[in-house]
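>>> okay, sequence plus prediction incoming.
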Amino acid sequence: MERRNGLLSRYAAGGGWITALALSAFVVSTTRASGGDSVQFNKAVEFELANQGGGKVVIPNINERKPGPSNQAFPFNQGNMRYQQVYAMDQFQGLVGIVTQFAYRVDEDVDKPFDSGPIDTQIWLSHTEAGPNNMSNVFDDNSGPDETLVFDGNLFLSSDGTGDFDIIVDIEDVFLYTGDGNLLIEIKVFGSAGTAQFDAAGLGLGQGGTQWTDRVWAFDPNANTGSQGGDDGMVTSITLAEEEPCPWDLDGNGIVGATDLLALLVSWGKCPGCPADFDDNGIVGATDLLALLVNWGPCP
């Protein structure tokens, strides 16, 4: 780390040749791109635009104003469960951003207000290739490589029973949904839990089969395998916030400049989770460099 900081200090001091270094890297990247992938620059710009997202979406989309055809107790009205639910990428309608909240509603046939008391819960999020009608009964097979623990503690859920999306689960740690795959939520409930029946998706009462969402569940938070029987999961309102407006400002000084460029170059190559991996593909490379260059100068 000291060596890296030393390099950054020396490079930053050489301001006159930083631009030349950036241009050289740009030429190398675009030259390599010409061998078969000449749209690196467009991809960088496309990523920048795509991530000015944020918003709220109900999945399944068709149940935003119309209740789902079924209801379910899993996992918050059951307790001692391992539960996964997948949300199809196309249901996000192009929205991307940091996942900040999941919200659910009481089933209209129950219409019951409740206060849950503490529910010992872990929640994980990931991008996944698993999809509705394509989930494995093996939980770990559904989880994506970027699986992130976003909540670990006691949940306190409540509803006034009116059918609004007022059963709120706030996400505590950052997970950026990029739209590169379906979204998987995994919920582990330890011990007892009591809420009410939640509004659920499916083709009919107790039936799955939709192309929008699906679930796997087991009556043990540590189970390795589960069942796909019954409904397709909870009708869910998902809130996404815009990504930080200036992720290219790696040193946080309000300007995308020389030290940010050098931080990126020092991280060049395979580097999952690195701040300079702007397109979140696990590699700091040409598209990340171009995204930084496109946004050179003061942050908005």
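Done, it's in. Numbers count the residues shown, from 1 in each chain.
>>> could I get the full set of helices for the protein?
Assigned by DSSP state H, the helices in the chain fall at 2-13, 15-33, 40-50, 139-142, 258-266, 286-294.
>>> list the buried ones in the fourth one?
Within helix 139-142, the residues that count as buried by 16 or more other C-beta atoms under 10 Å are Phe139, Asn142. Placement of C-beta: from N, CA and C, glycine included.
>>> which strands or helices does that helix pack on?
For helix 139-142, the packing partners by 3 or more C-beta pairs under 8 Å, 6 or more residues apart in numbering; DSSP states H and E come out as strand 81-87, strand 213-218.
>>> contacts made by the shortest one with the rest, please.
Contacts of strand 213-218 from elsewhere in the structure, counted by C-beta atoms under 8 Å, 6 or more residues apart in numbering, are 59-60, 74-75, 81-88, 91, 131-137, 139, 142, 201, 208, 225-228, 231-233, 236.
>>> averaged over its residues, what pLDDT does it have?
For strand 213-218, mean pLDDT rounds to 97.
>>> and for the longest one?
Computed over strand 81-87, the mean pLDDT rounds to 98.
>>> helices or strands up against it?
By 3+ C-beta pairs under 8 Å, 6+ apart, strand 81-87 packs against helix 139-142, strand 182-190, strand 213-218, strand 236-241.
>>> are any of the contacts of strand 213-218 buried, and which?
Here, 16+ other C-beta under 10 Å leaves 59-60, 74-75, 81-88, 91, 131-132, 135, 139, 142, 201, 208, 226, 231-233, 236 buried among the contacts of strand 213-218.
>>> out of the helices and strands packed on strand 81-87, flag the one nearest Cys299.
Among these, strand 236-241 comes nearest to Cys299, with 17.4 Å by C-beta to C-beta.
>>> so the closest one versus strand 81-87, what angle?
Between the axes of strand 236-241 and strand 81-87, defined by axes from the mean of the first three to the mean of the last three C-alpha atoms, to 10 degrees, the angle is 70 degrees.
>>> follow-up on the earlier one: need the helices and strands packed on helix 139-142 in TSV (columns: distance to Glu243).
Formatted as TSV, those follow (distance: least, C-beta to C-beta, whole Å):
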stretch	distance to Glu243
strand 81-87	19
strand 213-218	24
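>>> any weak-confidence spans in the protein?
Low-confidence segments of the chain (pLDDT under 70): 1-53.
>>> apply 50 and report the result again.
By pLDDT under 50, the low-scoring segments of the chain are 1-52.
>>> so which residue is dead centre in it?
Nearest residue to the geometric centre of the chain (C-alpha atoms, centre = their mean): Tyr177, 3.0 Å.
>>> what is the burial count for Tyr244?
That one is not Tyr; residue 244 is Glu. Neighbour count of Glu244, defined by other C-beta atoms under 10 Å: 13.
>>> and the one 10 residues further on, by the same measure?
Using other C-beta under 10 Å, Gly254 has 10 other residues around it.
>>> spit out the contact partners of it.
Listed by C-beta under 8 Å, 6+ apart, the contact set of Gly254 reads Cys246, Pro298, Cys299.
>>> closest one to Leu292 out of the residues you listed, please.
For the contacts of Gly254, the closest approach to Leu292 (C-beta to C-beta) belongs to Cys246, at 10.7 Å.
>>> measure that closest one to Asp260 for me?
Relative to Asp260, Cys246 is positioned 10 Å away (C-beta to C-beta, to the nearest Å).
>>> okay, these two: which has more neighbours?
Between Cys246 and Asp260, Asp260 has the larger neighbour count (other C-beta under 10 Å), namely 24 against 16.
>>> I'd say that one and Asp249 touch.
Yes - using C-beta atoms under 8 Å, Asp260 makes contact with Asp249 at a distance of 6.1 Å.
>>> need the residues touching each of those two.
Both Asp260 and Asp249 lack any common contact, where contact means C-beta under 8 Å, 6+ apart.
>>> re the thing from before, so which of the helices and strands packed on strand 81-87 is nearest Val96?
Nearest to Val96 among those is strand 236-241 (6.7 Å), distances taken as C-beta to C-beta.
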